[in-house]
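Enquirer: Let's see this in three dimensions:
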Amino acid sequence: MNNHNKNMHDFPNRIILVTGGTGALGSSITKAFVESKAIVISSYTHEREESLTQTENKSASIQLIKADITKEEEVTRLVSNVIDRYGRIDILVNVVGAYIAPKSVVELDEKEWDFMMDVNLKSAFLISKHVIRRMVSKRYGKVIHISSKKGLHAEGFDSAYAASKSGIIRLVESLAEETKESNINVNCIMPILIDTQANRKAMPNADFNKWVKPEDLANVVLFLSSEEAKTITGAAIPTFGVL
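Expert: Down below sits the predicted model:
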């Protein structure tokens, strides 16, 4: 990010929880918040990315916690740890998600369907449940989930993924209605192809220039977390890039 973007939004002393914060998108969001003067707690399930570990070593403003947010007991422990240390969670950005290889409905295994629902949708429900309860008590909060363009329109051979991402949009709409009297904003963004090393490896012949950069998505998340976006809630924001 250039200097203008770095200073566009500041979050001094805000407590940010980024779930799935060590992946390509999650680490970009985590770094953007750290650069914006926030205190960031980033959860992960797999080994930490080296780039984020280096950021942690350089900054006292980031803490990494291992947690599987598809399991309610681990979500409860994660949220309690943050509350015990900081007293509140001001902003939740849930980046946890996964994608499986394209398959038709008739080829899809029940375990694959359940995996998509657990990682993409159940995780969003559980972390929202336990964080928003704390936000309501403070009468303040910003929540951003990651959905997908496929949550609006499936393209075939993507039923489990598309259904789970569509569920996030409906979850966000419902949560926004439930929390609108508590000064809480709940929204999601809908990327399609994100310019990550994993996606480039999977699609080496694609035009990477048309893909959305993680840093650009991080800027959208920071905007939705800011007071400039206080009138936006229950929205699914298209972040498709140039297609």
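Enquirer: Against residue 157, how distant is the spatially most distant residue from the centre of the chain?
Expert: If you look at how far each residue of the chain sits from its centre, by Cα atoms, centre = their mean, the farthest one is residue 106, at 30.4 Å. Using Cβ to Cβ, to the nearest Å, residue 106 is found at 11 Å from residue 157. For the C-beta atoms, the positions are set from N, CA and C on the backbone; glycine is no exception.
Enquirer: can you check residue 138 too?
Expert: Shown here: residue 138 relative to residue 157, a distance of 44 Å by Cβ to Cβ.
Enquirer: do the same with residue 205
Expert: From residue 205 across to residue 157, the span is 19 Å (Cβ to Cβ).
Enquirer: Looking at those two, which is more packed in?
Expert: More crowded of residue 205 and residue 157, by other Cβ atoms under 10 Å: residue 157, with 14 against 4.
Enquirer: The more buried one and residue 99: what is the separation?
Expert: Distance from residue 157 to residue 99, counting by Cβ to Cβ: 12 Å.
Enquirer: likewise residue 165?
Expert: As judged by Cβ to Cβ, residue 165 and residue 99 stand 10 Å apart.
Enquirer: what about those two, which has more around it?
Expert: Counted by other Cβ under 10 Å, residue 165 and residue 99 do not tie: residue 165 has more neighbours, with 28 against 18.
Enquirer: And the average pLDDT for the strand of greatest length in the chain is what?
Expert: If you go by DSSP state E, the chain has its longest strand at strand 184-191. Mean pLDDT, computed over strand 184-191, is 97.
Enquirer: Could you tell me which strands sit next to it in the sheet, and their orientation?
Expert: Here strand 184-191 has these sheet partners by DSSP bridges: strand 141-146 (parallel), strand 236-239 (parallel).
Enquirer: just how off-centre is the longest one within its chain?
Expert: If you compare the mean C-alpha spot of strand 141-146 with that of the full chain, they lie 7 Å apart, counting by Cα atoms, centre = their mean, to the nearest Å.
Enquirer: which residues touch that strand?
Expert: Contacts with strand 141-146, where a contact means Cβ atoms under 8 Å, 6 or more residues apart in numbering, come from 25, 89-95, 97, 124, 128, 131-132, 135, 168, 171-172, 175, 179, 182-189, 191, 221, 224-225, 229.
Enquirer: mind running it again at 6 Å?
Expert: Contacting residues not belonging to strand 141-146 are listed as 91-95, 97, 124, 135, 168, 172, 184-188, 221, 224-225 [Cβ atoms under 6 Å, 6 or more residues apart in numbering].
Enquirer: same check, this time on stretch 71-87
Expert: Outside stretch 71-87, the residues that touch it by Cβ under 6 Å, 6+ apart are 15, 17, 41, 43, 65, 67-69, 89, 126-127, 130-131.
Enquirer: let's go with 8 Å and repeat that
Expert: Stretch 71-87 has contacts (Cβ under 8 Å, 6+ apart) with 15, 17, 19, 39, 41, 43, 65, 67-69, 89, 126-127, 129-131, 134.
Enquirer: rewinding a little: could you look over the strands paired with strand 184-191 and pick the most buried one?
Expert: Greatest average neighbour count among the strands paired with strand 184-191 goes to strand 141-146 (a mean of 26), per mean count of other Cβ atoms under 10 Å.
Enquirer: Distance from the longest helix seen in the chain to the middle of the chain?
Expert: Counting residues, the longest helix found in the chain (DSSP state H) is helix 159-179. Helix 159-179 has its C-alpha centroid displaced from the chain centroid by 13 Å (Cα atoms, centre = their mean).
Enquirer: avg pLDDT for it?
Expert: Across helix 159-179, pLDDT averages out at 98.
Enquirer: the helices in the protein, which residues?
Expert: Going by DSSP H, the chain shows helices at 3-6, 24-35, 50-58, 72-86, 110-116, 123-138, 159-179, 197-202, 214-225.
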